[in-house]
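A.B. asks: coordinates only, no sequence provided:
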């Protein structure tokens, strides 16, 4: 069927969006799936879609910020399937708010899920990926792990951290000659519910932000994103950019350097929804 056939694949945040699209795509390619999310209803629907395609699925509620639970989950997955070949650290949440008006709890929540969730999943599963002899770790960062955006200080911090962590780990695997490939994924605007579920500071217009993101920025479907990620995994790409927006802005930032910040600030001040 494909190079993914028979592989044991772990996907966090599988209850919707890119996580669900990855699960469905991989189910059609013959992979065995370990799927998790905090959203029980969404996860159950993903499981139904994957099993309808004939996939063997292990489904679990998992909060990636709970380190002990993540380690126990990794052991349970290996006990169930006997091995793990690929791990997609995909679970993530969003927050939109100026730093000046953000509470520490809001910033900490984003960093806990979007960064520490990736670290927890990597630490728990890396020994099993090495033991498989054919491992691949895929960590989902963001376009906002490539450039800074006003109103995204917390999200930028977490996603830049994922990028640095993943790129460093890839080099460590190369030096140690471990049989583990490492890929960092940078989606641009994806048509998912992430903006509609995003938190904002008290008093801000959450619906207005979500409507702006969905109508102006989300150009790529989750299904297209999944296919791009899997193509990058097949090619062992160190970095996978998803969407024309991610590709253009990555190139532009490389070209103009730090001066991009003044341009973005000027544009954002004109087009972003006001508080």
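C.D. replies: Here it is on my side, so go on. What you see is a predicted model; the values in this text were computed from it and never measured.
A.B. asks: now do the strands in the stretch 1-150 of the chain.
C.D. replies: All strands of the stretch 1-150 of the chain, identified by DSSP state E, counting those that start in this stretch, fall at 8-11, 32-37, 57-61, 86-89, 135-140.
A.B. asks: using TSV, lay out those strands together with mean neighbour count, mean pLDDT and distance to residue 168.
C.D. replies: In this view, the C-beta of every residue, glycine as well, is placed from N, C-alpha and C. What follows is the strands of the stretch 1-150 of the chain, written out as TSV (neighbours: other Cβ atoms under 10 Å; pLDDT from 0 to 100; distance: least, Cβ to Cβ, whole Å):
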stretch	mean neighbour count	mean pLDDT	distance to residue 168
strand 8-11	26	98	21
strand 32-37	26	98	25
strand 57-61	17	98	29
strand 86-89	27	98	15
strand 135-140	24	98	11
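A.B. asks: looking at those, spot the one closest to residue 225.
C.D. replies: Nearest to residue 225, of all those, is strand 135-140, at 9.6 Å by Cβ to Cβ.
A.B. asks: partner strands of that closest one, parallel or antiparallel?
C.D. replies: Sheet pairing for strand 135-140, assigned by DSSP bridges, gives strand 86-89 (parallel), strand 180-187 (parallel).
A.B. asks: ok, and what's touching the first one?
C.D. replies: Contacts of strand 86-89 from elsewhere in the structure, counted by Cβ atoms under 8 Å, 6 or more residues apart in numbering, are 7-12, 19, 22, 31, 64, 117-118, 121-122, 125, 129, 135-140, 229, 233.
A.B. asks: could the strands of the stretch 1-150 of the chain be laid out in a markdown table, adding distance to residue 246?
C.D. replies: Output for the strands of the stretch 1-150 of the chain, formatted as a markdown table (distance: least, Cβ to Cβ, whole Å):
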| stretch | distance to residue 246 |
| --- | --- |
| strand 8-11 | 21 |
| strand 32-37 | 24 |
| strand 57-61 | 30 |
| strand 86-89 | 18 |
| strand 135-140 | 12 |
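A.B. asks: of those strands, which is nearest residue 98?
C.D. replies: Taking the strands of the stretch 1-150 of the chain one by one with Cβ to Cβ, strand 135-140 is closest: 24.8 Å.
A.B. asks: for the strand or helix carrying residue 241, name the packing helices and strands.
C.D. replies: Using DSSP states H and E, residue 241 sits in strand 239-242. Helices and strands touching strand 239-242, by 3 or more Cβ pairs under 8 Å, 6 or more residues apart in numbering; DSSP states H and E, are strand 180-187, helix 222-234.
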